[in-house]
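S.K.: give me coordinates for this.
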Amino acid sequence: MSEKEKIPQLVDPSAAKFTASQEAWRVFGIMSEFVEAAQRLAEIRPAVTIFGSARTPPDSPHYRLAETIARRLSDAGFSVISGGGPGIMEAANKGAYQGRSPSVGLNIQLPHEQRANGYQDISQTFRHFFARKYMFVRFASAYVVLPGGFGTLDELLEALTLIQTGKSQKIPIILVHQPFWRGLIDWFRTTLVDEKVIAPDDIGLIQLIDQPEEVVAAIFRHYEQNGFVTPPAEREKLLNL
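M.R.: Now for the predicted structure:
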């Protein structure tokens, strides 16, 4: 008996075939999420994606700050995209819902914590995180990030990675409430840059801004310099995230 023949068979071939069939059908479900969401969001540009904690209560200063920023962005002509749930997401949708431009919620099915808030002009629900995260990036002209936990950090770092690696166009990434973010940014500078795992210029991808009117002004400054019309090469990047 050869050495390979001595290795126990760990996978039942019939079970593996059934699993492969399930995965094939799952791909069609994922494709349908991409197609449906892309069609529904095609007309919302320009848009700003706002990230932040689902656990922020309505009486929090962070909630009120997110609501104010979203209202100002909406009145300035930007659709506002959030994760569609409670906390900062609800505040962002609420502010935009009261403004002139569409309030968009990209909801996710989760075992706990996620429920769709009631302030959405356009509401799209996803089963898969990566399809939802693609839409955050695909349709955003800027990211505004308020205090949040692992999910917020995940979304922030993914946006930074896509821009740093040239897979996405360079757009404003604004962190709001400096006391919350300062330690992280200092760590980026004193550890990541010093260890040469990021370039010093990568820190310039991030802006720290606290005042709602300054958030809006920073986004407009970026597009006054770069224009709102996406060049063909940048559009190609967004098709190949």
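S.K.: which residue, other than its chain neighbours, is closest to the residue most central in space within the chain?
M.R.: Residue closest to the mean C-alpha point of the chain, counted by CA atoms, centre = their mean, is residue 136 at 4.2 Å. What sits nearest to residue 136 in space, not counting adjacent residues and going by CB to CB, 6 or more residues apart in numbering, is residue 49, at 5.0 Å. Yep, even glycine has a C-beta here, placed from its N, CA and C like the rest.
S.K.: so what strands line up beside the helix or strand that contains the one you found?
M.R.: Using DSSP states H and E, residue 49 sits within strand 47-51. Looking at strand 47-51 with DSSP bridges, its partner strands are strand 79-82 (parallel), strand 142-145 (parallel).
S.K.: list the contacts of it.
M.R.: The contact list for strand 47-51, computed with CB atoms under 8 Å, 6 or more residues apart in numbering, reads 66, 69-70, 73, 78-83, 88-89, 92, 104, 136-137, 139-146, 148, 152, 155-156, 219.
S.K.: so which of those residues are in helices?
M.R.: Under the assignment DSSP state H, those contribute 66, 69-70, 73, 88-89, 92, 136-137, 152, 155-156, 219 to helices.
S.K.: what's the closest of those residues to residue 54?
M.R.: The closest of the ones in helices among the contacts of strand 47-51 to residue 54 turns out to be residue 89 (CB to CB; 6.3 Å).
S.K.: that closest one touches residue 82, doesn't it?
M.R.: Yes. Using CB atoms under 8 Å, residue 89 is in contact with residue 82, at 4.1 Å.
S.K.: overlap in contacts, these two.
M.R.: With CB under 8 Å, 6+ apart as the test, residue 89 and residue 82 both reach 50, 105.
S.K.: got a list of what the closest residue to residue 180 other than its chain neighbours touches?
M.R.: Using CB to CB, 6+ apart and skipping the chain neighbours, the partner closest in space to residue 180 is residue 147 (4.3 Å). For residue 147, the contacting residues are 52, 53, 56, 62, 88, 176, 177, 180, 181, by CB under 8 Å, 6+ apart.
S.K.: what pLDDT does residue 147 get?
M.R.: Note for residue 147: predicted pLDDT of 98.
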